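1. Have a look; sequence and predicted model below, questions after that.
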Amino acid sequence: MMKYYVSFFLVCFIFNTSIAQINFQDEAVALGVGIATGSPIMGNGLSLVDFNGDGFDDITLATENGQELRFFVNTNGSFTEQILNIPSFNYQTKSVNWVDIDNDGDKDFFVTSDTNGNRLYENMGNLIFQDITTVSGINDANMYSYGASWGDYNNDGYLDVFISNRSEAIANILYHNNGDNTFTNVSVLAGISNLGHMSFCSVFFDYNNDGWQDLYISNDKTNYANILYRNNGDNTFTDESESSLTNVSIDAMTTTVGDYNNDGWFDIYVTNGPSGNVLFRNEGDGTFYNATQQSGTSFNSFGWGAVFLDAENDTDLDLYVSGQLDGSIPSFVSAAFYENLGNTTFNSSNTSGFNGDNNESYSNAVSDLNNDGLIDIVVNNGGDDLLSVWENQSVTTNNWLKVNLEGVVSNRDGIGSKIEISINGNKQYRYTHAGEGYLSQNSTTTSFGVGDATVVDYIKVTWLSGVEDVINNVTTNQILQIVEGSNSLSLHDNYVDTIYLKNNPVNSVINVVSTLPVLKLELFSLLGQKILIKYNSDQLNVSQFQSGHYLLYIQTIRGVSVKKVVIE
């Protein structure tokens, strides 16, 4: 056997191909999180977001009735429980979300419950929290809420929230973020159904690549079909469930989104009961194709959480599914790992380390917990089973690239951004979420596997504001911080002038300072409407416009720069 491995590594070296053996091991106890969150019906959620801002993703766990929420701080890949000054939560909770609702640079906290109502806490700084649920306008009565998905559906720079209520009598709710820590229920105005749909969770994503966030919802029970809402770009949605062919009627649990075939159109994976999960391949024409059987990802057990990840950093997205055993059916499994073979099919791997997992598994989320470039998986199990921290111990020579976003005109965390990278013309795409999958929140750091590449041709971020940042010739094996507008380029050049605004905020006239002559100034509203244009001038009179935030596109012979303008 040793002779075989030596030969294998030698062949890989000669032909310059990557080496990868996928392997995950449950290290929860060793890492300090060998705890259980109870045995609630249909499980609890979790979040893998860095809530204290130290560069390592922390773990936050929802729990059963009678248990407090659990917060574990990550220190170089190991965890210590921390008690935050959040009031007692000794009742059953479902989703836990860390989101920056006011764009002040720290994470606020939102919790859903199916027994006692939802709660919103503002981070006042230094993890000091204030309960603003009632004053924010969010209903704190019990609505049997499960998932919460955050996105900016009207592109105004603030994160809105869609709450999924698992009820036949209570409708789901879309709350609009007013920008002052208050929210307005706009469900009816936006065209969201006013009926109960037994919804588990939803996901914001842009399925038709038009720059507006659409919404997909997974509904429990076969008499409630899943729903796809297309964003019309005018604060309303249109139900395209039937026309898009995504209106599957099953015991739908998760809403998981990823581009598994790297074609630039985001696909949907939905978990289900024993009749099989569903993989919807986005055809790019407003419709989806049920590629489950073709891809080999049906699972055929009691599926709950699911997540896309590039486990071995080989440039394509694999798939992990957590589920629930049924002792009366020997063929059932509680988890499955599907390795992407790079040809639109997956292989159900029996050597990835999950074979011995007999837990009652529900929600899962992904993060590079120890910042080693390999993506780990955490599962919040039910049935009083201990938490699973599946540390990625894969043996691979593949490289990686990670990206953190900071919005300026868009929301601070860059949620809803599309990230594209290219390696020798081969492209990959990611979409940023806050609340995706069954009761889960993945890391806000976006990860790419890049194979044996040491340099990425370019990375392009398309923000919800419409701003595009492009960075060329990016070295791999690093965490890249990208600030919106700091790398805005034209389509024809990779050079940007030194440009700044002499006066901002402005009352009447914008004065642009540039090292090159300004050819054109274009002023846009945050909704993308062009409201003023001027040629061959470095000044723009904006005295006729209302106070607020705008985007100024500044063109020179070398390219285009985008600046945020505040009119007082």
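-> Nice, I can see it. Computed from a predicted model, the values in this text were never measured in an experiment. Numbers count the residues shown, from 1 in each chain.

2. how far does stretch 405-413 stretch from start to finish?
-> End-to-end distance for stretch 405-413, by C-alpha to C-alpha, to the nearest Å: 6 Å.

3. Give me the helices and strands touching the helix or strand that contains residue 149, please.
-> Assigning secondary structure by DSSP states H and E places residue 149 in strand 145-151. Strand 145-151 sits against strand 96-99, strand 160-165, strand 199-205, with contacts defined as 3 or more C-beta pairs under 8 Å, 6 or more residues apart in numbering; DSSP states H and E. Placement of C-beta: from N, CA and C, glycine included.

4. Pull the helix or strand that the longest one is followed by out as PDB, backbone CA atoms only.
-> Yep, that's strand 199-205 we're talking about. As assigned by DSSP H and E, the chain's next helix or strand after strand 199-205 is strand 214-219. In PDB, the C-alpha atoms belonging to strand 214-219 read as follows (Å, rounded to 0.1, in the frame of the first residue of the first chain):
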ATOM      1  CA  ASP A 214     -35.400  37.200  -5.700                       C
ATOM      2  CA  LEU A 215     -36.800  34.900  -3.000                       C
ATOM      3  CA  TYR A 216     -37.300  31.200  -2.800                       C
ATOM      4  CA  ILE A 217     -39.300  29.500   0.000                       C
ATOM      5  CA  SER A 218     -39.400  25.900   1.100                       C
ATOM      6  CA  ASN A 219     -42.800  24.800   2.400                       C
END
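
5. Show me what strand 214-219 is packed against.
-> Strand 214-219 packs on strand 160-165, strand 199-205, strand 227-231, going by 3+ C-beta pairs under 8 Å, 6+ apart.

6. wait, which of the ones you listed is closest to residue 133?
-> strand 160-165 (12.4 Å; C-beta to C-beta).

7. Mind listing the strands the closest one pairs with, and their directions?
-> If you go by DSSP bridges, strand 160-165 pairs up with strand 145-151 (antiparallel), strand 173-177 (antiparallel).

8. hmm, back to that, figure out how far the strand holding residue 149 is from the centre of its chain.
-> 12 Å (C-alpha atoms, centre = their mean, to the nearest Å).

9. Quick one: mean pLDDT over that strand.
-> The average of the pLDDT scores along strand 145-151 is 98.

10. Not counting it itself, show me its contacts.
-> Contacting residues not belonging to strand 145-151 are listed as 42, 45, 94-95, 97, 99, 110, 112-114, 117-118, 159-166, 199-204, 213, 215, 255, 415-416, 433-436, 438-439 [C-beta atoms under 8 Å, 6 or more residues apart in numbering].

11. would you list the helices and strands packed on strand 145-151 in CSV and tack on mean pLDDT and distance to residue 85?
-> Putting these into CSV (pLDDT from 0 to 100; distance: least, C-beta to C-beta, whole Å) gives the following:
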stretch, mean pLDDT, distance to residue 85
strand 96-99, 98, 15
strand 160-165, 98, 23
strand 199-205, 98, 29
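
12. What residues are bridge-paired with residue 390?
-> Those that pair with residue 390 in a beta bridge, by DSSP bridges, are residue 26, residue 377.

13. And the pLDDT at it?
-> 98.

14. what's the burial count for it?
-> The tally of other residues near residue 390 (other C-beta atoms under 10 Å) stands at 28.

15. can you list contacts of stretch 513-520?
-> 497-502, 512, 533-538, 553-558.

16. Just the buried residues of these.
-> Buried members of the contacts of stretch 513-520, scored by 16 or more other C-beta atoms under 10 Å, are 497, 499, 501, 512, 538, 553-556, 558.
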